Structures are given as structure tokens and as C-alpha cells.
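Visitor: Dropping a prediction and its sequence here:
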Amino acid sequence: MNSPTIKRAGEVSVLTITPGAKKIFQAIYRAQTKANVAVDETVTKLRVSDVISKMSFFYEKIRNAVHYQEEHLLRKDAIERILKRQLIIENPIKINRPDSHDAAQHLLMELIRAGYLANNSLPETKVDEVALIIDKYFSLRSLAASEAVENINFFGKTNKKQKSAKGFDATSWSVGLAAVEIEQNLAPDEVSKTVIKVMYELLENRLELPTSLPYENDLQIQLYLAIHRSFLKYDDDMLTLILLNYFNAGWSEAKPDLINYVAKNFSSIRELIAEQLDHPLSAQLLKVVAPYTVYFNILKDVISEDPTKVYDEFFDDPKAFDRRIKNNCTRRYASAKKKLWRAAWRSIIYILLTKSIFAVLLEIPAAKFFGSIVNPLILLINVSFPAALLFFAVAVTALPGDDNTKKIVAGIEDIVFTEKRRQDKIILRKPISRSSVMNVIFGIFYTITFFISFGLIIWLLEKISFSWVSITIFLFFLAFVSFFTIRVRRGAKEWIVVEQRDTFARFLLDFFSTPIIATGKWLSGKFSQINIFVFILDFIIEAPFKILVDIAEEWTKYVRERKDSI
């Protein structure tokens, strides 16, 4: 490669590539070179029957249809579900734990069958790596649960309900973290690690905390968490693992002494992590990081097209870099629209399968019980309304424009070229704190808004002859789908870096929709915990189904062995 100093044609100024940008170039180049290396065919790989795996693959599709989850979290969610089944359902004696090696082997085979991992590509040595992770967290779970039981009552008396709750809490927490660490072990991403490091170094030098804020000691870890939240879409379990490593150095390679220490201090460590996850700076830093997430994602895409060629074009055709960024933005916008529609259809299927069926089953007997007449048209409206609302919301979602692309180009040049680096600091502001009087006043106004929003809808529905049962179901869907619409559209809006202008129409929309969306968020959290379809699949169907798949897998191996012997 040429020297990292560029002189644009017709310009006197010289542009120098920043050290951070060079690190990203190098990381992507290494990753692509490694990917092109021939696979060692002598290494024994994990392999399952293609025919049998189709059964698990289709089962997983059905299960994901009735339990909505972000696409990038599906594999982690599957790992956690399998581990919980192994520990709680298939190993009912909770004080013991299954053999880590067997658990790891079983886990990886299930993930391959379900299509989360490629067949005949994972080396068998990966079983030992995953087994070490499982053993660490199963040990933590057992020790933490035992510690909770010993300290649950000062006089040594144990309440059975408390004991069960503490044990499950330790199980849920430990298995969730095990799933995160296993998922990261199965899909290490060195390029993203480099990008995060460069982004962190850039923003750490750019952020400034007012002296009036007492968060100097938390700023670095909060910035690190915000980058992972935004750039890698980490959920709370993933962020918890970061914090567990942060507060307990060496946790990734934890020895028995460290595991025992974390177990003994289980409650205090949980509280410490919870404080950091709900830190006053988190929302503000997430806003700061969001546009940089777009810049670094586009930059990574541009470089990945051909690292050597893109680097050389800095000298041969300096304007090519800007063209590549603009072309990539166009592709990203189109891809975001496709993902938006895919997420919308997943949400529609999920709502139809889990909520609309429930509404029909509830509305008809409820109407008969209270002496109301079931109106087929109103029933059809209640069933079709969620899909129609989501469809409309997606259809009117606009793609970012040229002004957005220009800002992205400027943001990437700020990252890549030393001379284009912004010199101004990003000064964090003090989190908003209101007096108790103001909170009461705003609470009253919000309550009034709540009743106005729902009252107008109820008035309109009564005008078109909705019964109170139908109105209740309609309002449930309206709130639920309004919240889902926000979640679905978030993927498309995350590429917008230009600040949206406030208009009177937007103000009115927010004024009336916020209480409905907030209600939908609350309902989503409550009803996701009592999803009868997920309960049936996870606790009644999945365990025997997986046993059947295992038997079928062994049978195909037996038949293959008999055939080979002939």
C-alpha cells in the first residue's frame, strides 16, 4: 500500500489518514485474507443429518413466529433456551448439574440442526471450549443458589417460596450470561472489536463532562456500554457480561476462587451492575454514539468492498471515496427498507398467531356471556386491524434523503482524515431533574392526555356500534401494535443522522400517541411473560420433540454404519 498521506488533485492541502482508520483497514484486510484460506479438511467437524435437521429447522421457524425477538438475538435466545431446558427440565434435580461436555455437545448439535450454525464446519474442539464456559456458569449458579439459601434468614429458617425464587434467579442470571459468552465464542468478530476500540478512543477524547456532574469514574464504562448498545445492538444480558468482566478482572478465564467470590457476592454484584445499566448518563451517551454508529458502519462496508483498492484510490482517485460512501448509503437505505418489511411481516405473523386468535377465542364467548351480539364485521376489524396498522406505518416510512447522506460523508471524513477532524468538544449536560411539584403537575397533564386519547377512540368506536368487549379488544391491539410499530420502524430510522425538525403535526401526533405507545410497552412486557403458545412449545412439545430428533439422528448414524459395513 502507498503512504497514508493524500494530496487531492488541484489542492494544496494534504490529507493524512488517521491511525484509527488504518487499524480498521488492517482488521478488515486480515479478516478477508483469513476467510480465503483453504479449510483444513483433516480437522474433524461436527456434523448432523441434513434430513433430520430439517425437522428442527422448521420447528425453530414456528417457535420464532410465536415469540417475537430481534433477528440478531435469535441465536443467543436459542442457546439460553436450550441450556435452561437441559438444566431445569431434563435435569430436574436442581442441586446437581449436567455433565458440561455432554451439555456442550448437545447444545452445538441442536444449534446446527436448527440452522443457527453451519453443518460440517465447526471443529469438534469447539465442544471443549463451550464445555468450559458451561461449567463456569453452572458452577456459579450452584454456588450462588446455595449461598442464597444459607443467607436467606438470620435465624436459619428457610421459606420454600423464597428459596425457590432465589434459586431460579441465580439460574436465570447464570444461564443468560452463559448464552452470551457461548454466542460470542461461536461467532468472534475481530473487525467489530477493532471498530469499537477506534470509536471508543475517538469519543473518549471528544467527550467532556461538566465539573458539576459526579460521574467522572463512570464515564468510561458508560461510553463503552453505549457503543455496544448502539453499534452491536447489545441487550441487557450482553451488557451485563461486559460489566461482570469490568468489575471482576479475569472473569473470561475465571478460576474456582474467582467463581466462588462472585457467588458469595452475588447480590451485591447484581446491584452494582443494575446501577450501571440504569445510569443517568446512559440515555444521553446513546444519543451521542448513535450517529457515529452510522458513520462507522458505512465506513466498514466501504472498506470491506476491497480494502486494498479503496486504500489505493485515496491516491489514484481521491473523489472515489466519497462516491463509494454515497453509493453505500443508497444501498443501506434500500436494505433498511427491506428489513423493515421483513420485520413487519414477522410482527404481523406473531400478532396474528398469538394475539388475534386469542381475541377471537375471547370475544365470542365473552359476548355471549354478557348477552351481546357477535358482529362479524366488528370481529373482522379487530382481527385485521393490527396487520393493517403495521402495514400502513411501514408504507409511510420514508427513506433518508441527500442531506442525510451529506452529513454521513462529512462524519466519515472526520473519522478517516486527520485534517478533517472536528476540534470542538461534545459537552454532556446535566440530566434533567424536576421538583416534586413539577413532577406532580406533569403527571396530572399526562393522565389527562391518557384519558383524552383513549376517550376519543372509545367515543368513535361506540358511534360505529362496538360493544364494550369489542372496544376492550380493539384498545388492546391498538396499544400493543403501536408499540410494535415503534420497534419495527427503529431499524429504518437508525440510519438518520440529520436531526428531525419539530412541526405542529408531529407535536399533536406525539401528544395523543405517547400514552397509547406507553400502554403498549407495558402490555408487551406483561403478555410476553404469559405467552401460552411459547409455554406449550417450550415446556410440553420441545423436550420430547428434541428427544425424538436425537433418536432419529442416532438411527441415521446406525443405518449409515450398517451400510458401510456391507
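Guide: In hand now; what should we look at?

Visitor: Averaged pLDDT, the longest helix seen in the chain. What do you get?
Guide: Ranked by number of residues, the top helix in the chain under DSSP state H is helix 319-351. What helix 319-351 shows for mean pLDDT is 86.

Visitor: on contacts alone, who are the packing partners of it?
Guide: On a contact count with 3 or more CB pairs under 8 Å, 6 or more residues apart in numbering; DSSP states H and E, helix 319-351 meets helix 50-66, helix 282-305, helix 307-316, helix 376-395, helix 402-416, helix 468-493. Glycine gets a C-beta too; all of them are placed from N, C-alpha and C.

Visitor: Show me which residues of the fourth one are buried.
Guide: I take that to be helix 376-395. For helix 376-395, the neighbour count (16 or more other CB atoms under 10 Å) marks 378-379, 381-383, 385-387, 389-390, 393-394 as buried.

Visitor: which stretches of the stretch 51-200 of the chain form helices?
Guide: With DSSP state H, counting those that start in this stretch as the criterion, the stretch 51-200 of the chain has helices at 74-84, 100-113, 125-150, 160-186, 190-206.

Visitor: TSV please, covering those helices and showing distance to Asp402.
Guide: Converted to TSV, these look like this (distance: least, CB to CB, whole Å):
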stretch	distance to Asp402
helix 74-84	35
helix 100-113	43
helix 125-150	47
helix 160-186	38
helix 190-206	25
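
Visitor: among these, which gets the worst mean confidence?
Guide: helix 160-186 (a mean of 75).

Visitor: got JSON lines for the helices and strands packed on helix 319-351, with mean pLDDT and distance to Ala104 too?
Guide: Output for those, formatted as JSON lines (pLDDT from 0 to 100; distance: least, CB to CB, whole Å):
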{"stretch": "helix 50-66", "mean pLDDT": "71", "distance to Ala104": "18"}
{"stretch": "helix 282-305", "mean pLDDT": "94", "distance to Ala104": "32"}
{"stretch": "helix 307-316", "mean pLDDT": "87", "distance to Ala104": "36"}
{"stretch": "helix 376-395", "mean pLDDT": "80", "distance to Ala104": "40"}
{"stretch": "helix 402-416", "mean pLDDT": "94", "distance to Ala104": "40"}
{"stretch": "helix 468-493", "mean pLDDT": "81", "distance to Ala104": "33"}
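
Visitor: between these, which one is nearest to Pro188?
Guide: Nearest to Pro188, of all those, is helix 282-305, at 16.1 Å by CB to CB.

Visitor: Next, the angle helix 402-416 makes with that closest one.
Guide: Here helix 282-305 runs at an angle of 80 degrees relative to helix 402-416 (axes from the mean of the first three to the mean of the last three CA atoms, to 10 degrees).

Visitor: got the domain boundaries for this protein?
Guide: Listed by automatic domain parsing, the domain ranges of the chain are 44-188+534-566, 344-528.

Visitor: how about the ones you listed, which one is nearest Asp322?
Guide: Closest among those, using CB to CB: domain 344-528, at 5.7 Å.

Visitor: so Val124 sits right up against Thr44, yeah?
Guide: One thing to correct before we go on: residue 124 is Glu, not Val. Yes - with contact taken as CB atoms under 8 Å, Glu124 and Thr44 are classed as touching, separated by 4.8 Å.

Visitor: neighbour-wise, which of those two wins?
Guide: Glu124 (13 against 8; other CB atoms under 10 Å).

Visitor: roughly how far apart are the closest residue to Ser100 other than its chain neighbours and Ser142?
Guide: Excluding the flanking residues, the one nearest Ser100 by CB to CB, 6 or more residues apart in numbering is Asp135, at 3.9 Å. Remark: distance between Asp135 and Ser142 (CB to CB, to the nearest Å) = 11 Å.

Visitor: related to what we said a few turns ago, distance to Phe504 and mean neighbour count for the helices of the stretch 51-200 of the chain - can I get that in JSON lines?
Guide: JSON lines is the format used below for the helices of the stretch 51-200 of the chain (distance: least, CB to CB, whole Å; neighbours: other CB atoms under 10 Å):
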{"stretch": "helix 74-84", "distance to Phe504": "41", "mean neighbour count": "21"}
{"stretch": "helix 100-113", "distance to Phe504": "51", "mean neighbour count": "21"}
{"stretch": "helix 125-150", "distance to Phe504": "53", "mean neighbour count": "19"}
{"stretch": "helix 160-186", "distance to Phe504": "45", "mean neighbour count": "19"}
{"stretch": "helix 190-206", "distance to Phe504": "35", "mean neighbour count": "17"}
